[in-house]
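> Need coordinates for the following:
(one chain, ligands or ions: 1)
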Amino acid sequence: MSLPWYHPIGDEMDLFEAAWSERLPVLLQGPTGCGKTRFIEHMAARVQPRHHPGPGVALVTVACHDDLTANDLVGRHLLLNEQTVWTDGPLTRAARGGAICYLDELAEARRDTTVVVHSLTDHRRLLPIEKTGELLQAHPDFLLVASTNPGYQAAFKALKPSTRQRFVEITFGYPPPAQEAAIVAHEAGIEPAWAQALAQVGERLRAMQDGGLGDHVSTRALVHAGQLMRRGIPPRRACAVVLAGVFGDEPDAGAAALDVVDLVF
Ligand code: ADP
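Okay, the predicted model is just below:
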């Protein structure tokens, strides 16, 4: 299994390895585009399973949203050649087969959906499948991982304390400029000088946004700007089209952001 490239920022890899060794569920907290998905892809390919030669276990990802039902996670009866057959959902597949199940943006799911993970997150690691009457004991190489974005979650959408306290929480933020430059250079395939400039743009715009202007500029956005620059788009234009997604509804802030870009490049 090839290892997706990940640049560590703090002790997140050590924390995850330790949680994996104890099979403790993990919650990745942090803003969008800061590296949570890449981190879990990297760690899934890296961890040592107990029950087959490693490294690496399968990663089953579910993007949570407010229409996601418990059945979407657990499974349902489907009609196949005029017969009803039970089909495991992604959570059940991971628990049965021994995979990491990554519930991205778990707080977006309805509360009656989030509750189905409870019995898998305590020491018994059980999943009751009501529809079939099965009480599934999770595979020893199953791990539940979830993410949340505290930034744009309305308070009523935050995870219930009874859910949240079941997880080991690892907090992510946007990387310091030198590390973000290394990430942007690698991911966009651009010269270090350009990547450093983009990282500076990110740092300055975030400082500007701390006053409360929308979502922060993400590492993902800076990587996208770098990719456009590698294709020959001038830096100002590359930043403008990428930042439109951040400042699109605030023309004044957008103009101020481009002034920052002009200053840096
Ligand atoms: P999130 O899941 O937090 O929304 P992603 O993991 O999708 O964010 O990150 C967006 C992009 O930013 C990734 O595809 C990758 O190119 C880059 N990235 C951010 N942080 C890192 C990191 N620490 N190491 C490697 N790539 C990173």
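> Thought Gly226 was touching Ala195, still the case?
Yes: at 6.4 Å, Ala195 counts as touching Gly226 under the criterion of Cβ atoms under 8 Å. For every residue, glycine as well, the C-beta is placed using N, CA and C.
> quick one: whichever residue of the chain sits closest to the ligand from Val57, how far?
Minimum separation of the chain from the ligand (Cβ to the nearest ligand atom) falls at Gly35, amounting to 2.5 Å. For Gly35, the distance to Val57 under the criterion Cβ to Cβ, to the nearest Å works out to 20 Å.
> Who has more neighbours out of these two?
Neighbour tally, Gly35 and Val57, criterion other Cβ atoms under 10 Å: the higher count belongs to Val57, 27 against 24.
> just checking, the more buried one touches Val47?
Yes: judged on Cβ under 8 Å, Val57 makes contact with Val47 at a distance of 6.1 Å.
> ok so, going back, if I pick the residue of the chain closest to the ligand, what's in contact with it?
Gly35 makes contact with Tyr6, His7, Ile9, Phe172, Pro175, Ile183, Thr219, according to Cβ atoms under 8 Å, 6 or more residues apart in numbering.
> same question, Pro177
If you count contacts by Cβ under 8 Å, 6+ apart, Pro177 has them with Gln196, Ala199, Gln200, Gly202, Glu203.
> Now the phi/psi pair for it, please.
Listed backbone geometry of Pro177 is phi -50, psi -40, with angles given as degrees, to the nearest 10.
> ok, so what distance separates it from Val145?
Following Cβ to Cβ, the distance that separates Pro177 from Val145 is 28 Å.
> likewise Lys36?
In this structure, Lys36 and Val145 are 9 Å apart, going by Cβ to Cβ.
> Mind listing the shared neighbours of the two?
When contacts are counted by Cβ under 8 Å, 6+ apart, the set common to Lys36 and Val145 consists of Leu28.
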